[in-house]
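Student: everything below, folded, please.
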Amino acid sequence: MQAGNKRASALDRSAAVPLYHQIFLQLRDEILSGQRPHGSPIGTEKEISIAYAVSRITARRALAELAQHHFVARKRRVGTTVIYRPPVKPIEANMDQAVDSLIHFGRVTQVRVLALEKEPASAWVAETMRLGAGEWVLRADRVRYLDEEPLGYIISYVPIALADHITRKGLLHTPILKLIRSAGYQLGKATQTVAAMVADPKLCGTLAVEPRSAILRITRSVFDSGGRPLLLTIAHYRSDRYQLRLDLQH
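Tutor: As a prediction, this is how the structure comes out:
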């Protein structure tokens, strides 16, 4: 019921955008970001209506719009399943340079720690971090500021073994990657996905943007030298204040 409350609160019921389309946008963003990978089930009309506190008709229209845009397939007795596959190929980059850039970015921005707490990993977090279902992780929620204006809302997950090394005080002054390094872990590779999404009411309030503003969502997994996941970060940046640049060389 708690997850349902969070989803229901993500809808702006006073907006001109119909509720079914807001649900479509949120589910679409979860598919595009990999939270709902290819082949994963989407809730039934009844489950969607309960999760978002809307009517079955509204839930049906949201799922129909997902199917219309070829994100899901709906089959009788099978249910609704994600059929979308990302059409991108990975671009390789130097890990050390990327980490140095991220640490520098952390130094030139200011951070406010909203929450730091232990919690059972959701199904997607557990799968991404190669944990058992419901295994505990440490979650850190922060807002980054540049020139005293909000720039990004960042959620990070680390294995519970790192909990003693990731503190509120540390996060206020030190990028989380540097805290992980200081704990004696050697960083190996990382994967990163960048996608566009629209701001839900929570992001609008946190990042001080207009309703339904464009947001850059960056999902990053960092692994140790042995290939074990150390960090999962989901960052939401204001598109009017944040850009990504790649220097490509032959």
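Student: list the residues that contact the residue lying closest to Arg181 once chain neighbours are set aside.
Tutor: Closest residue in space to Arg181, ignoring its immediate chain neighbours: Leu187 at 6.6 Å, by CB to CB, 6 or more residues apart in numbering. For glycine as for every other residue, the C-beta is placed from the backbone atoms N, C-alpha and C. Neighbour list for Leu187: 95, 99, 177, 180-181, 222-225, 230 [criterion: CB atoms under 8 Å, 6 or more residues apart in numbering].
Student: how far away is Met56 from Gln26?
Tutor: For residue 56 the amino acid is Arg, not Met. From Arg56 across to Gln26, the span is 18 Å (CB to CB, to the nearest Å).
Student: so between the two, which is more surrounded?
Tutor: The residue with more neighbours, out of Arg56 and Gln26, is Gln26; 18 against 13, by other CB atoms under 10 Å.
Student: okay, buried residues for the host helix or strand of the more buried one please.
Tutor: Applying DSSP states H and E as the criterion places Gln26 in helix 19-32. By 16 or more other CB atoms under 10 Å, the buried positions in helix 19-32 come out as 19-20, 22-32.
Student: how far off centre is whatever helix or strand comes next after it?
Tutor: Remark: after helix 19-32, the chain's next helix or strand is strand 41-42, criterion DSSP H and E. Mean C-alpha position of strand 41-42 versus that of the full chain (CA atoms, centre = their mean, to the nearest Å) differs by 18 Å.
Student: check stretch 192-203 too.
Tutor: For stretch 192-203, the distance to the chain centre is 8 Å (CA atoms, centre = their mean).
Student: tell me the spacing between the closest residue in space to Glu210 that isn't next to it in sequence and Ser14.
Tutor: Spatial nearest neighbour of Glu210, chain neighbours left out: Cys204 (7.0 Å); criterion: CB to CB, 6+ apart. To Ser14, Cys204 is 12 Å away according to CB to CB.
Student: these two - which one has more neighbours?
Tutor: A count of neighbours by other CB under 10 Å puts Cys204 above the other of Cys204 and Ser14, at 17 against 7.
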